[in-house]
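S.K.: The amino acid sequence is not available; the structure is as follows:
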């Protein structure tokens, strides 16, 4: 027997509030206390409730304020980061400029802070998830969106439509560069949580060990959880522990899979008195302004975030024209050799 869809009354019963209170949270969460709102949102996620979009939205879509609007999910912490790390801001504004040329406007939200927005995801023409999204949140958004197209950007493969940098090419290029300079032992600071960083590491490791069969790749897990974002204690702790453990056989090369971690790793090495490139070769990722502030020029693999934003806008337009389209677009990576990776025989 077909399972009955959850209703507002079901949510009210589970959350122990009135149906009117549930309606208030769905329309304007600020009208209800945070504690009550959180309880209702928990009940909504547990039951898989979403508004009966198909019964009502089609009849009123022409006058709905969300019509011809793209909903963008991007953690606010990513957009308000320090000026030296405007990565996601560049993607967002380049997407916004491009999509406006097609007659659409954007609504910016953060699923971790505004779950109610995504209960109404079907009201939008499309939803774009910018940055890593955990599996539970992704499932919730796609379920709430119904037939509304969902695009992921810089979140790794998995969605039917996605935009990502060519992480395979980036990891391979980094490995080739270290191998060409005779390195046999390289440490890699990465994050298991983020698919793009994980892919860069895996392709680096596989390529490096194929070029240097007797080589060694040490993975340093510098996990930045959402709660710890824009803090450095966890990465400094991981680096301190690693370099203490390998003091007698330290790596000659150091590869970091994203720009913020590269910044922290650079600071750590400076504070430890480990000189780049005299004591250790260093290769970072991304091409953000922080690199211009470093005391020594740092080589890096990078891609253009403006191209990510414009490619995402083009993808959304195609998705709206062909809702069942499945496509993954890879943004080409580039390499800037600024001399921070040298022949390993020079390291003292």
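M.R.: Here it is on my side, so go on. As the structure is a prediction and not an experimental result, all values here were calculated from the model.

S.K.: where along the stretch 201-348 of the chain do the strands fall?
M.R.: Assignment of strands within the stretch 201-348 of the chain using DSSP state E, counting those that start in this stretch yields the ranges 216-221, 253-256, 281-285, 299-302, 327-331, 334-336.

S.K.: what mean pLDDT does the second one have?
M.R.: Read it as strand 253-256. The pLDDT scores in strand 253-256 average 98.

S.K.: Which strands or helices does that strand pack on?
M.R.: Secondary-structure packing of strand 253-256 (3 or more C-beta pairs under 8 Å, 6 or more residues apart in numbering; DSSP states H and E): helix 167-180, strand 185-190, helix 259-272, strand 281-285. Just so you know, the C-beta spots here come from the backbone N, C-alpha and C atoms, and that holds for glycine as well.

S.K.: So for the second one, mean pLDDT?
M.R.: Okay, so that is strand 185-190. For strand 185-190, mean pLDDT is 96.

S.K.: Ok, the shortest one next?
M.R.: Rounded to a whole number, the mean pLDDT of strand 281-285 is 97.

S.K.: Neighbouring strands - and their directions - for it?
M.R.: strand 253-256 (parallel), strand 299-302 (parallel) (DSSP bridges).

S.K.: which of the residues in that strand are buried?
M.R.: 281-285 (16 or more other C-beta atoms under 10 Å).

S.K.: List the contacts of it.
M.R.: 170, 174, 177-178, 181, 183, 200, 252-259, 262, 265-266, 269, 276, 291, 298-302, 340-342, 344, 347 (C-beta atoms under 8 Å, 6 or more residues apart in numbering).

S.K.: Where does the prediction get shaky in this protein?
M.R.: Applying pLDDT under 70 to the chain picks out residues 1-5, 27-31, 48-67, 81-84, 112-122, 157-159, 223-231, 347-348.

S.K.: At which residues are the helices of it located?
M.R.: All helices of the chain, identified by DSSP state H, fall at 8-15, 19-27, 34-47, 53-60, 76-79, 87-100, 115-119, 135-145, 167-180, 195-211, 233-245, 259-272, 290-293, 305-321.

S.K.: so which of those helices comes closest to residue 161?
M.R.: Smallest distance to residue 161 across these (C-beta to C-beta): 5.7 Å, for helix 305-321.

S.K.: In terms of secondary structure, what does that closest one contact?
M.R.: Using 3+ C-beta pairs under 8 Å, 6+ apart, helix 305-321 is in contact with helix 87-100, strand 126-130, strand 150-153, strand 161-165, strand 327-331.

S.K.: Could you check that helix and say which residues are buried?
M.R.: For helix 305-321, burial by neighbour count (16+ other C-beta under 10 Å) applies to 305-320.

S.K.: What of stretch 136-153?
M.R.: So stretch 136-153, judged by 16+ other C-beta under 10 Å, has buried residues 137-138, 140-142, 144-145, 148-153.

S.K.: How about stretch 74-90?
M.R.: Those would be 74-75, 77-79, 81, 85-89, for stretch 74-90 by 16+ other C-beta under 10 Å.

S.K.: Endpoints of it, how far apart?
M.R.: Using C-alpha to C-alpha, to the nearest Å, one end of stretch 74-90 lies 12 Å from the other.
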